[in-house]
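[1] this one's sequence-less:
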């Protein structure tokens, strides 16, 4: 809802009930107009809701004005301030004029522009036990007043920060507390009408005998003798306030007050909270200054900019809401320099005059670069082996400079399977241009049973470090597998710290491993520091650890920074799940906290795709496991919900490949539920999930990395297993990907900085020589403003490659005949085609199909088709110029007679 735009314009929706509620139906309705203002000394207009018989209006924040169309007669209106510290008020409305004054809450006194003044003592316990105060312990067991909220109750008194508490539930119902919170000696010689005031929450159980007892005692001799002036044995649920007059303390110089909590014979009560205590007299007085309100908008689009920080000096700041609206109290009258800022925007500033009793306005339109492109798509065609080019103009139509980065997105290749009239061979074979839907394949077992480990892939070698192996709950061991060497897993040097369930990623050629539980059996802490493995030197070093170390966190790498998402503070279920997100800069060796995850989480599956981070699934405490997924935009520092997982998953193996977030396995239903072998693939472009090949082993919380590789993992009881699997074909694992047939001017990084109004030419080169064969290639050119708030622009690219006249194709479907006689397509099966001097290895797609174009001079062709459980079959085929030769193969299962 717009509140006010510009310095003087009034938004009608904020002034009339018609925009919010049904107008009065009577033809003789009376228009009631009025204002709502402060009535406790400041006198400024208030932003408030005025509600009458189901109809309502919202006042103008700058003038306090409202208007309502009501039937004739007297009405009762409820007026509720949108500024804090003003209790709602009911007033009678009659006639056409209705001015309302709201008074502040004098006890809590947190309305803007007001402050407490006291001739005695006041304490809010924001920083713990105030100087001069003491805590007594009559039982001697240490179960006393505390200021750290040990039971995590939160402030229930109505206060807004720290508080004092005796937490009987935390201490346990079978123990007894008797403890007092005692003021220092107070001199009230100048106080004529002293009182004791406090905000509190008293939670006790009522029995035949009292459970918890709350007393306020007064001493006039410095604490030698005491008199109870307030006593309670029945609950008072906060927020609540008390004001206890103590005229006997007037003019006395040796006054003390104690707040005593003790328990009766049943020792069963939840405890007492205190806040905002004062002794003496206290008033809520106006402070010099005025209110400031306004909007922050996008200087290019006019849209509201939520989350902007507006500051008026060092003592006044506010953050804009979803409508870009803000308000604040600014101490001191006169001219103030006010600034507005938001990530990826240029700062705005204005000199604003603040006056007492008024609301000043300051609106800001923040500048930013805004990139546009001359076309939304390009297309071309060329003979196989020939090149084509296109030119795109990129212009900064925004109001600030921006650097431009270009990136590629390969999307699909649809091979040409038509050609000229088809010919038929005497047998058949088939192949797809892509990996199709391959099956998981076993790799050599890990040398030890392992779960909660970190895996990484670097220069073709598969690494795994840390984790839990049997009674080694946080191992220092690690191993590396080089599939090309055929030597199996080889040991790595021991990590400096044992780590169970750490987070870890390769960044800049080194493996960073952070957090994770320490070695031990019970009450494991979190391992310190960040251990860094350098494959070039085969050695470890240690760098700084996260400011809030955790285990079982998610992680991803974006722009050379490692992000750690969520996690658990210990092995205890109640400590599992946090919304903290930290990122580590290896170059600076510094950690930084970024925007919180939208919900507490542990064990999410995360990865980075095209300048954004993605996380899906996870759990909190024992569960249930989650389906929710979110995308993180580092430019704006925000998380946004995306399509949820098709099923609840936590502790899933995961990686990013081919521009998709892949997840496999994990636990569904809760921490100690059964594990699964199901897999899914998330495509950010379509914001949709699809099925991924099911893994061989149903395991959770193993290491995983590009490839797609899974290393170890646990069953439902999280007992580690040594199994290692790979899903072939998923090796393009960068957040940005290169298309072999597409290249861009400046695509290696920031190409140019464009001032407002400037343009640059981008050459899109399409290389037929890099094409896999005749067909249609689809992709996109991604144009990013590195320091703008807007999403990347996408230019669709289509490139049709045409086979030379001397080429032909062989294509078909590979099927298998079961022992019952049924024929099924074989997905992900391999087909080998050998020509005169060329050899090709292909995999069938999800429907068992394949296709291969090649020169006719390669005739004759030897075609071999096979799969793990099917008997291989070999045939001879020939291709004809410009034609597609059908070659379907049917294999026999090895179990059939």
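    Done, it's in. The structure displayed is predicted, hence computed values, not measured ones. Numbering: from 1, shown residues only.

[2] Going by C-alpha atoms from here, please, whenever you check contacts or count neighbours.
    Noted.

[3] Give me the below-cutoff pLDDT ranges for the protein.
    Where the chain drops to pLDDT under 70, the residues are 1-27, 417-438, 521-523, 573, 670-673, 716-717, 746-751.

[4] can you give me the helices for it?
    Per DSSP state H, the chain carries helices over the ranges 168-171.

[5] quick one, longest strand in it?
    Ordering each strand of the chain by length in residues (DSSP state E) puts strand 402-415 first.

[6] for it, packing partners?
    When contacts are defined as 3 or more C-alpha pairs under 8 Å, 6 or more residues apart in numbering; DSSP states H and E, strand 402-415 packs onto strand 742-744, strand 750-754, strand 775-785.

[7] please redo it, this time with the cut-off set to 10 Å
    Here strand 402-415 touches strand 371-373, strand 387-396, strand 742-744, strand 750-754, strand 775-785, strand 793-802, strand 849-855, going by 3 or more C-alpha pairs under 10 Å, 6 or more residues apart in numbering; DSSP states H and E.

[8] Let's have those strands in TSV, adding distance to residue 335 and mean neighbour count.
    Rendered in TSV, the data for these read as follows (distance: least, C-alpha to C-alpha, whole Å; neighbours: other C-alpha atoms under 10 Å):
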stretch	distance to residue 335	mean neighbour count
strand 371-373	37	22
strand 387-396	36	17
strand 742-744	52	21
strand 750-754	36	17
strand 775-785	36	22
strand 793-802	42	21
strand 849-855	75	24
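
[9] looking at these, which is closest to residue 289?
    When the helices and strands packed on strand 402-415 are ranked by proximity to residue 289, the top entry is strand 775-785, at 41.1 Å, counting by C-alpha to C-alpha.

[10] Neighbouring strands - and their directions - for the closest one?
    In the sheet, strand 775-785 lines up against strand 402-415 (antiparallel), strand 793-802 (antiparallel) (DSSP bridges).

[11] if we can go back for a sec, okay, buried residues for the longest strand of the chain please.
    Neighbour-count burial for strand 402-415, counted by 16 or more other C-alpha atoms under 10 Å, picks out 402, 403, 404, 405, 406, 407, 408, 409, 410, 411, 413, 415.

[12] now do stretch 203-212
    203, 204, 205, 210, 211, 212.

[13] just curious, which of those residues is nearest to residue 231?
    Scanning these for proximity to residue 231, where the rule is C-alpha to C-alpha, the winner is residue 212, at 11.0 Å.

[14] quick one, what contacts the residue most central in space within the chain?
    The residue lying closest to the centre of the chain (C-alpha atoms, centre = their mean) is residue 597, at 2.8 Å. The neighbourhood of residue 597, defined by C-alpha atoms under 10 Å, 6 or more residues apart in numbering, consists of 565-566, 578-581, 615, 630-632, 638-640.

[15] Am I right that residue 192 is in contact with residue 247?
    Yes: between residue 192 and residue 247 there is a contact under C-alpha atoms under 10 Å: 7.8 Å.

[16] Overlap in contacts, the two.
    Common neighbours of residue 192 and residue 247, using C-alpha under 10 Å, 6+ apart, are residue 280.

[17] Enumerate every residue touching residue 117.
    Here residue 117 is in contact with 109, 281, 282, 283, 284, 285, 286 (criterion: C-alpha under 10 Å, 6+ apart).

[18] Apart from its chain neighbours, what residue comes closest to the last one?
    When you say that, I think you mean residue 286. Excluding its sequence neighbours, the residue lying closest to residue 286 (C-alpha to C-alpha, 6 or more residues apart in numbering) is residue 114, at 4.5 Å.

[19] Please tell me I have it right and the one you found contacts residue 40.
    Yes: Residue 114 lies in contact with residue 40 (C-alpha under 10 Å); the separation is 9.2 Å.

[20] ok, the two, which is more surrounded?
    Between residue 114 and residue 40, counting by other C-alpha atoms under 10 Å, residue 114 is the more crowded of the two (22 against 18).

[21] For the more buried one, give me its contacts.
    Contacts for residue 114 (C-alpha under 10 Å, 6+ apart) come out as 40-42, 85, 104, 106, 283-289, 329.

[22] Distance check, it against residue 828.
    Noted for residue 114: a distance of 73 Å to residue 828, by C-alpha to C-alpha, to the nearest Å.
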